[in-house]
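A.B. asks: Okay, sequence plus prediction incoming.
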Amino acid sequence: MLDAAIGDFLDTVTEREFDPVIIALLAARGFHDIHFIHGSFEFGKDIIAKRADPDTGIVHQYAIQSKAGDLGQHEWRAVRPQLEEAEYNTLGHPNFDDQMPRVAVLLTTGRLKGAAPSDAQQFAKTAEKRGLARIEFWDRHDLTGWLTSRPDLALLSLDDEHALQGMLVTVRADTVDEPQLERFSRRWIDGDTAGIEAAVLINAFREHQRLDLAAMTAIHMFRGVLLRTGSTAESARRLFCAVSMLLLDAVEPLLADPADLARVDLHPASLVTYAVTAVRTTEILALAALVHDDEDERARLTDAVITLATSHPGTARPVSDQFAFSLIPITVVLHRSDPQRAAAYLRSVAQWLMERSDPERAGLGLGSMDETPLTVVERLLGGWLETTTLTRAQTSYVLTVLLDLCVAADLTDVFTDVRSDAGALRITPDATSVGTRRETFRRAGGTVRPVPRIMYDADGSATPPRDIECEWPPLDALLLLASCRSRLYTGTLTALLREA
């Protein structure tokens with residue numbers, strides 16, 4: 001999994017951005033007396049360093065020339081004179097020891113391609129015969145292996161390393177939540193740090209047994225890479241699928257009995273955490289079931305989603321608008337296997353929403369998109385307490401998603417009942433919008449504006465209109481919406497539900 005993230009980092013990092021990473025890698029691999037000398041008078045050397053041969057103990061003087069990206073025959077011929085200069089020229093820095101055996105290195109974040117590898121091999125043999133220096137080539141394969149064992153080294157090229165370190169502190173203290181993760185990951189939309197930062201965070205989440213947040217990190221990475229490059233983010237998608245399979249491996253033994261899943265995290269607020277675990281886990285597995293490219297794995301994932309949605313009551317209990325999106329991939333997976341399953345699931349979610357919003361049941365509604373976890377818990381458990389100061393929620397994005405899914409899936413009876421019950425309880429659907437501005441799938445902030453009131457007519461039409469199209473293919477859009485979570489595109493819903 002790290003290989004894919006580090007590969008994305010190597011694809012996007014520039015030559016000079018990578019220089020601090022090289023220096024850190026050299027230090028980690030036993031080099032010393034390291035000096036960065038790139039400039040007008042480098043004489044074929046970007047970096048010089050010394051290292052003792054692990055077999056003989058003889059110290060060698062290294063001269064390293066670094067390049068970014070793949071090198072074809074044309075690029076190789078352009079860089080070859082620099083290697084030749086590094087081979088014989090001892091100028092460039094007073095710490096360059098011309099009495100030591102010399103190694104000239106061409107380092108590239110890509111690979112030698114076409115005729116370049118064979119020409120480079122011949123060049124190295126010729127240099128060996130001249131006896132001036134040994135020639136080595138360090139390419140993407142070498143760098144990936146080194147960075148996989150020490151992904152933190154790549155962070156030395158980032159100006160805002162402290163922000164990531166702050167995130168890692170919250171991961172280790174188990175105080176991070178998904179909204180905080182999403183806010184942090186917005187920098188990946190405009191910057192080029194998604195791959196390596198995601199790799200570090202996913203590693204940390206795995207170590208602290210938060211595979212759900214590891215999977216969400218991969219989804220936010222997908223958003224950053226896709227929107228920044230404008231092309232498919234296959235490495236991020238594969239990373240998400242790989243983490244999702246780890247989550248499936250962990251949850252499969254707990255599927256037979258809902259009590260087993262509930263017992264994973266027992267404490268006074270287990271009613272809430274069980275629902276969060278059930279909904280989020282099912283969402284992630286459903287997303288993976290839709291985007292995984294392996295048929296057998298898709299079947300495993302689909303079976304797990306069906307079991308969770310039909311046998312585990314917590315899966316139909318989104319505790320706040322943060323989990324409204326979860327209904328979409330779950331419903332799509334259920335609808336593709338049996339439309340009646342999807343209808344039954346949406347009815348269960350609607351019943352939960354109405355019960356939690358009914359003042360006669362001391363319901364305070366479900367939490368909004370921006371309410372804290374503590375407030376969400378108070379809404380669910382504090383309705384009977386005189387000490388609560390919360391008023392009943394009047395709007396619900398969960399309701400919006402329910403109604404849009406019913407319209408897209410042609411579930412007229414369910415739509416009519418949900419709309420009627422919501423009207424009786426005076427719950428208003430809401431959402432967010434970016435209007436005519438460029439969609440960056442940020443959850444909030446920037447050009448994102450609230451849509452505080454959506455009116456649905458009996459025929460499914462709405463004001464403001466809900467027949468909204470997305471520029472991205474349905475599965476890409478689904479992952480982008482999983483990152484955003486505060487709005488949806490009904491054209492995407494319709495396409496996903498109608499695909500067999």
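C.D. replies: Yep, it's here.

A.B. asks: Could you count how many residues lie near the residue lying closest to Pro373 once chain neighbours are set aside?
C.D. replies: Leaving aside its chain neighbours, Pro373 sits nearest to Asp177 (6.3 Å; criterion: C-beta to C-beta, 6 or more residues apart in numbering). The C-beta positions use only the backbone N, C-alpha and C, and glycine is treated the same way. Applying other C-beta atoms under 10 Å, we find 12 residues neighbouring Asp177.

A.B. asks: Which helix or strand contains Gly7?
C.D. replies: Assigned by DSSP states H and E, Gly7 falls within helix 2-12.

A.B. asks: in the stretch 351-500 of the chain, which spans are helices?
C.D. replies: Secondary structure of the stretch 351-500 of the chain by DSSP state H, counting those that start in this stretch: the helices cover 373-381, 397-408, 412-424, 474-484, 490-498.

A.B. asks: Deepest-packed of the ones you listed, please.
C.D. replies: Compared across the helices of the stretch 351-500 of the chain, helix 397-408 shows the largest average neighbour count, a mean of 26 (mean count of other C-beta atoms under 10 Å).

A.B. asks: Which of the helices of the stretch 351-500 of the chain sits closest to Leu301?
C.D. replies: helix 474-484 (14.2 Å; C-beta to C-beta).

A.B. asks: any low-confidence regions in the protein?
C.D. replies: Residue ranges of the chain with pLDDT under 70: 1-5, 8, 16-17, 38-45, 90-92, 151-161, 192, 231-232, 268, 500.

A.B. asks: Could you check the helix ranked longest in it and say which residues are buried?
C.D. replies: Counting by DSSP state H, the longest helix found in the chain is helix 270-291. Within helix 270-291, the residues that count as buried by 16 or more other C-beta atoms under 10 Å are 272-291.

A.B. asks: So which elements touch the helix or strand following that helix?
C.D. replies: Once the chain leaves helix 270-291, the next helix or strand it forms, by DSSP H and E, is helix 295-311. The contact analysis (3 or more C-beta pairs under 8 Å, 6 or more residues apart in numbering; DSSP states H and E) places helix 295-311 against helix 234-251, helix 270-291, helix 327-337, helix 339-357.

A.B. asks: can those helices go into a markdown table with extra columns for distance to Pro54?
C.D. replies: Shown next, in a markdown table, are those (distance: least, C-beta to C-beta, whole Å):
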| stretch | distance to Pro54 |
| --- | --- |
| helix 234-251 | 33 |
| helix 270-291 | 43 |
| helix 327-337 | 51 |
| helix 339-357 | 60 |
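
A.B. asks: would you list every one of the helices in the stretch 51-200 of the chain?
C.D. replies: 73-88, 116-130, 140-149, 161-172, 178-185, 187-190, 194-207.

A.B. asks: Any chance of CSV for these, columns distance to Gly446 and mean neighbour count?
C.D. replies: Formatted as CSV, these follow (distance: least, C-beta to C-beta, whole Å; neighbours: other C-beta atoms under 10 Å):
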stretch, distance to Gly446, mean neighbour count
helix 73-88, 39, 17
helix 116-130, 44, 14
helix 140-149, 32, 16
helix 161-172, 18, 15
helix 178-185, 12, 19
helix 187-190, 10, 17
helix 194-207, 18, 24
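
A.B. asks: and of those, who's closest to Thr375?
C.D. replies: The closest approach between Thr375 and any of the helices of the stretch 51-200 of the chain, judged by C-beta to C-beta, belongs to helix 178-185 at 12.5 Å.

A.B. asks: gap between that closest one and the chain center?
C.D. replies: 10 Å (C-alpha atoms, centre = their mean, to the nearest Å).

A.B. asks: got the angle between that helix and helix 270-291?
C.D. replies: For helix 178-185 against helix 270-291, the angle by axes from the mean of the first three to the mean of the last three C-alpha atoms, to 10 degrees is 50 degrees.

A.B. asks: Now do helix 178-185: which elements does it pack against?
C.D. replies: Checked by 3+ C-beta pairs under 8 Å, 6+ apart, helix 178-185 has helix 161-172, helix 194-207, helix 211-229 packed alongside it.

A.B. asks: Looks like Glu499 contacts His335 (just checking).
C.D. replies: No. Counting by C-beta atoms under 8 Å, Glu499 does not reach His335; the two are 9.8 Å apart.

A.B. asks: out of those two, which sits in the more crowded spot?
C.D. replies: Between Glu499 and His335, counted using other C-beta under 10 Å, the more crowded position is His335 (23 against 12).

A.B. asks: How many residues are close by the residue nearest to the more buried one when sequence neighbours are not counted?
C.D. replies: Leaving aside its chain neighbours, His335 sits nearest to Ala342 (3.8 Å; criterion: C-beta to C-beta, 6+ apart). Residues lying near Ala342 (other C-beta under 10 Å) number 25.

A.B. asks: mind listing what Ala342 touches?
C.D. replies: Counting by C-beta atoms under 8 Å, 6 or more residues apart in numbering, Ala342 touches 331, 334-335, 409, 411.

A.B. asks: repeat that for 7 Å
C.D. replies: Listed by C-beta atoms under 7 Å, 6 or more residues apart in numbering, the contact set of Ala342 reads 331, 334-335, 409.

A.B. asks: Bridged to Met455, which residues?
C.D. replies: Here Met455 sits in beta bridges with Thr463, going by DSSP bridges.

A.B. asks: Next one: it from Arg466, what distance?
C.D. replies: Distance of Met455 to Arg466, given as C-beta to C-beta, to the nearest Å: 10 Å.

A.B. asks: In terms of neighbours, single out the busier of these two.
C.D. replies: Between Met455 and Arg466, Arg466 has the larger neighbour count (other C-beta under 10 Å), namely 22 against 10.

A.B. asks: I'd like to know how far the residue nearest to the more buried one when sequence neighbours are not counted sits from Asp476.
C.D. replies: Once flanking residues are discounted, Arg466 sits nearest to Thr490: 5.1 Å by C-beta to C-beta, 6+ apart. Distance, Thr490 to Asp476, using C-beta to C-beta: 16 Å.

A.B. asks: for the helices and strands packed on helix 295-311, which one sits closest to Arg437?
C.D. replies: When the helices and strands packed on helix 295-311 are compared for distance to Arg437 using C-beta to C-beta, the nearest one is helix 327-337, at 23.0 Å.

A.B. asks: The closest one versus helix 339-357: what angle between them?
C.D. replies: 150 degrees.

A.B. asks: care to break the chain down by domain?
C.D. replies: Domains of the chain are assigned by automatic domain parsing as 2-149, 160-254.

A.B. asks: Before I go, just wanted to say thanks for your time.
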